[in-house]
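Trainee: based on what follows, work out the 3D shape:
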Amino acid sequence: MKIGILQTGLVVPELAPEHGQYPDMFERMLAGEGFTFDRWSVVEGEFPPGPEAADGWLITGSRHGVYEDHAWIPPLEDLIRAIVAADRPLVGVCFGHQVIAQALGGRVEKYAGGWAVGPREYDFPDGPKVVQAWHQDQVVEAPEGAQTVASNAFCKHAALVYPGKAYTVQPHPEFDATFTRGLIEKRGRGVVPDALLEEAGATVDRKLDSGDIARQFARFFRDRSIA
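Mentor: Sure thing, here's the model as predicted:
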């Protein structure tokens with residue numbers, strides 16, 4: 001099964017030599033599941049010919065907001081709707097989670113409550129899971145027909161299932177402690193409040209449940225179910 005990765009952001013240049021780009025992180029996260037991968041850097045205007053170019057699709061995170069005026073966002077939303085119409089399974093993470101919601105009729109905003117940075121616990125149907133977070137924007141209104149399957153007090157729509165069509169999550173299962181620490185050091189200062197960065201730095205090595213999310217992604221690609 002070939003997974004097409006749509007890259008919507010570029011890794012901080014200081015971190016790219018060690019960690020690669022976001023598609024590299026997802027390929028490592030899904031290694032051993034039997035998938036092959038192709039990638040398109042939509043943030044740089046590179047798009048696939050259509051939904052038939054892969055058996056399933058994954059949209060990465062990004063520093064950009066889905067509501068910003070970038071030339072590549074409207075065609076990405078068109079592609080999302082085409083993927084859903086073509087019945088190809090679709091997964092989204094952070095920006096991917098948000099842009100899928102926006103493309104399908106939901107609403108995304110810069111959250112008035114501020115940032116979530118570092119390990120955060122989310123309530124999933126099979127129990128709590130700790131995953132790295134790095135976001136200020138949130139889905140504040142889910143599209144019609146979408147089911148919220150994970151949340152916490154800070155993030156109401158932390159994971160959404162569009163039955164048989166898409167599965168999306170707000171946190172970053174592809175981030176490990178080393179990468180998140182790098183973001184804190186290389187990108188956080190002056191962007192994220194210092195107190196949140198200090199809290200994240202103190203907890204960044206917390207045991208994560210990202211492997212559970214990776215297995216959910218793999219099951220959704222194969223069976224259209226996360227259970």
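
Trainee: center of this protein - which residue?
Mentor: For the chain, the residue sitting closest to the mean C-alpha position, by C-alpha atoms, centre = their mean, is residue 93 at 1.0 Å.

Trainee: that one contacts residue 169, correct?
Mentor: Yes: between residue 93 and residue 169 a contact is recorded at 5.8 Å, counting by C-beta atoms under 8 Å. In short, each C-beta sits where N, CA and C put it, glycine included.

Trainee: hey, which helix or strand in the chain has the poorest pLDDT?
Mentor: Lowest by mean pLDDT, DSSP states H and E among the helices and strands of the chain is helix 194-203, with a mean of 93.

Trainee: show the contacting residues for the residue nearest to residue 104 when sequence neighbours are not counted.
Mentor: Excluding its sequence neighbours, the residue lying closest to residue 104 (C-beta to C-beta, 6 or more residues apart in numbering) is residue 143, at 4.1 Å. Neighbouring residues of residue 143 by C-beta atoms under 8 Å, 6 or more residues apart in numbering: 101, 104-106, 160, 162.

Trainee: does residue 143 count as helix, strand or coil?
Mentor: For residue 143, the assignment made with DSSP: H, G, I helix; E, B strand; the rest coil gives coil.

Trainee: tell me the pLDDT of it.
Mentor: Looking at residue 143, its pLDDT stands at 98.

Trainee: so it versus residue 26, what's the distance?
Mentor: Distance of residue 143 to residue 26, given as C-beta to C-beta, to the nearest Å: 23 Å.

Trainee: so which residues of the chain form strands?
Mentor: Per DSSP state E, the chain carries strands over the ranges 2-6, 36-40, 56-59, 90-93, 107-110, 116-124, 127-135, 137-141, 147-150, 159-162, 166-169.
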